[in-house]
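Student: This is a predicted model, with the sequence first.
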Amino acid sequence: MGGSGSFFSFVVEQITQFLSYTAFANLTSGHLIMIVIGLIFIYLAIAKEYEPMLLVPIGFGILIGNIAFTPGLKLGIYETGSVLNYLYFGVMQGLYPPLIFLGIGAMTDFSALISNPKLILIGAAAQFGIFGAYAIALALGFSPAEAGAIGIIGGADGPTAIFLSSKLAPDLMGAIAISAYSYMALVPVIQPPIMKLLTSKKERVIRMKPPRAVSKQEKIFFPIAGLLLTTFLVPSGLPLLGMLFFGNLLKESGVTKRLADTAKGSLIDIVTILLGLTVGASTQATTFLTPQSVKIFLLGAFSFVIATTAGVLFVKFFNLFLKEGNKINPLIGNSGVSAVPDSARVSQVVGLQYDRTNYLLMHAMGPNVAGVIGSAVAAGILLSFLS
């Protein structure tokens with residue numbers, strides 16, 4: 001009987017130990033909250049088609065990151081030696097964002113910007129959201145480095161936000177990345193009301209001259225000149241700007257089609273999967289759910305509103321100095337944020353609501369791609385004096 005009792009105690013002890021290692025035993029309310037957020041991301045991606053290439057990996061990563069586990073098993077993304085920690089290395093060291101920029105460069109046609117260079121000013125104006133959010137974050141008590149990393153959310157550029165936060169505020173990277181990608185996905189929801197509020201009916205139907213044809217030589221020259229001009233001015237932006245312009249040269253040279261196809265195809269897809277999944281997993285409730293994260297999310301929304309407002313108002317101001325027939329439709333002012341091509345598509349959709357024959361997409365792509373360059377330059381500026 002004694003042997004049977006010992007065996008029974010042993011079985012009970014083993015079952016108890018097993019149960020203590022399950023997620024049910026380690027689950028907290030924070031984990032449940034994050035799991036719900038992950039499910040919302042997946043829902044928005046699938047049902048609403050809001051940036052599905054980003055929100056599906058991030059949403060599923062949130063689920064992975066919030067399966068509660070017993071510390072010390074080398075499972076979590078923050079535990080040295082875990083598989084997730086190795087994959088997260090590319091985020092922490094800023095490896096993934098330049099590879100994303102390489103793919104973006106290989107996909108981007110800068111013709112609209114080359115044909116109408118003044119549109120780059122709209123992309124520059126939209127970066128005001130970055131510096132506006134930076135000032136507010138300082139006022140809320142964040143350190144200068146943290147405020148700089150938070151402010152970049154206003155550029156609506158997830159890879160740039162990750163790159164800068166990895167250098168300036170690694171501890172806040174999860175909250176910053178989630179905020180940046182969330183607002184990128186919500187571009188079609190956030191921007192139209194602001195655009196309509198700040199423009200008159202007359203302004204919304206302004207017709208712009210068709211962009212001129214751009215030669216192959218101009219397209220080849222642009223990434224070389226762009227690299228030299230921007231990186232001589234802001235050398236700290238070299239990892240992002242260098243890869244962006246290199247990818248574009250691969251596309252426009254006409255002799256490296258296989259490399260361009262790889263950069264904009266399989267390479268960027270692989271990196272997007274790894275980046276999205278690990279950024280999502282970094283929202284582990286035990287480290288992510290803090291008052292700071294809530295502040296960052298609110299600041300991100302505010303910076304995005306400032307950026308959109310600054311872009312639209314700048315066009316209205318700029319039009320004061322342009323002759324009739326050369327004026328710019330202020331509905332493309334929103335596209336100065338670097339959510340490519342979503343913000344340009346919003347310009348087109350809102351414009352068509354007021355004139356079914358006025359196509360703004362090609363015009364909006366000018367400030368849109370300028371915004372990509374502008375956010376990388378802004379990140380370089382912040383990195384140069386805050387690191």
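Tutor: Right, received. Where do you want to start? All of these numbers come straight from a predicted model, not from anything done at the bench. Residues are numbered from 1 along each chain as shown.
Student: residue ranges with poor pLDDT in the chain?
Tutor: 1-5 (pLDDT under 70).
Student: what ranges do the helices span in the stretch 251-387 of the chain?
Tutor: Assigned by DSSP state H, counting those that start in this stretch, the stretch 251-387 of the chain shows helices spanning 257-262, 268-281, 285-288, 291-319, 342-354, 361-386.
Student: winner for burial among the ones you listed?
Tutor: Comparing the helices of the stretch 251-387 of the chain on average neighbours per residue, with mean count of other Cβ atoms under 10 Å, the densest one is helix 361-386 at a mean of 25. C-beta: built from backbone N, CA, C; applies to glycine.
Student: returning to that earlier point: could the helices of the stretch 251-387 of the chain go into TSV alongside distance to Met107?
Tutor: Putting these into TSV (distance: least, Cβ to Cβ, whole Å) gives the following:
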stretch	distance to Met107
helix 257-262	9
helix 268-281	8
helix 285-288	31
helix 291-319	22
helix 342-354	13
helix 361-386	10
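Student: right, so of those helices, which gets closest to Leu140?
Tutor: Judged by Cβ to Cβ, the one of the helices of the stretch 251-387 of the chain that comes nearest to Leu140 is helix 291-319, at 6.2 Å.
Student: now the angle between helix 361-386 and the closest one, please.
Tutor: Taking axes from the mean of the first three to the mean of the last three Cα atoms, to 10 degrees, one finds that helix 291-319 is oriented at 130 degrees with respect to helix 361-386.
Student: Show me what helix 291-319 is packed up against.
Tutor: Contact partners of helix 291-319 among helices and strands, from 3 or more Cβ pairs under 8 Å, 6 or more residues apart in numbering; DSSP states H and E: helix 120-126, helix 128-139, helix 144-151, helix 173-185, helix 187-198.
Student: 6 Å instead?
Tutor: helix 120-126, helix 128-139, helix 173-185, helix 187-198 (3 or more Cβ pairs under 6 Å, 6 or more residues apart in numbering; DSSP states H and E).
Student: Leaving out chain neighbours, which residue sits closest to Ala147?
Tutor: Distances taken as Cβ to Cβ, 6 or more residues apart in numbering place Ala137 nearest to Ala147, at 3.6 Å, with adjacent residues excluded.
Student: Check the spacing between that neighbour and Leu164 real quick.
Tutor: In this structure, Ala137 and Leu164 are 13 Å apart, going by Cβ to Cβ, to the nearest Å.
Student: And Ala281, by the same measure?
Tutor: As defined by Cβ to Cβ, Ala281 lies at a distance of 20 Å from Leu164.
Student: Gly155 too?
Tutor: 9 Å.
Student: And Arg204, by the same measure?
Tutor: Using Cβ to Cβ, one obtains 35 Å as the distance from Arg204 to Leu164.
Student: likewise Pro210?
Tutor: The span separating Pro210 from Leu164 equals 37 Å under the rule Cβ to Cβ.
Student: Between these two, point out the one with more neighbours.
Tutor: In terms of neighbours (other Cβ atoms under 10 Å), Leu164 is the more surrounded of Pro210 and Leu164; the figures are 35 against 10.
Student: if I read this right, the more buried one contacts Ala149, doesn't it?
Tutor: Yes - counting by Cβ atoms under 6 Å, Leu164 touches Ala149, with 5.4 Å between them.
Student: Packing partners of the helix or strand Thr231 falls within?
Tutor: In this assignment (DSSP states H and E), Thr231 forms part of helix 216-233. Under the contact definition 3+ Cβ pairs under 6 Å, 6+ apart, helix 216-233 sits against helix 238-253.
Student: what's the helix it packs on in contact with?
Tutor: Applying Cβ atoms under 6 Å, 6 or more residues apart in numbering, the set of residues contacting helix 238-253 from outside is 98, 101-102, 105-106, 108, 219-220, 223, 226-227, 230-231, 256, 259-260, 263, 376.
Student: now do stretch 157-174
Tutor: Contacts of stretch 157-174 with the rest of the structure, by Cβ under 6 Å, 6+ apart, involve 92, 94, 97, 100, 145-146, 148-149, 152-153, 176-177, 180-181, 184, 282-283, 288, 338, 375-376, 379, 383, 386-387.
Student: Kindly report the same for stretch 45-58.
Tutor: Looking at what lies outside stretch 45-58 - Cβ under 6 Å, 6+ apart - the contacts are Phe41, Leu44, Tyr181, Met184, Ala185, Ile273, Gly276, Leu277, Val279, Gly280.
Student: now swap in stretch 358-376 and tell me
Tutor: For stretch 358-376, the external contacting residues (Cβ under 6 Å, 6+ apart) are 108, 110, 112-113, 116, 119-120, 122-124, 126-127, 155, 157, 160, 207-208, 211, 237, 240-241, 329, 332, 335-338, 340, 343-344, 347-348, 351.
Student: do the same with stretch 20-34
Tutor: If you take Cβ under 6 Å, 6+ apart as the criterion, stretch 20-34 is touched by Leu19, Ile62, Asn66, Ile67, Ala68, Thr70, Thr283, Ala285, Leu289.
Student: Any figure for the gap between the last one and Pro211?
Tutor: What that stands for is Leu289. Computed as Cβ to Cβ, the Leu289 to Pro211 distance reads 47 Å.
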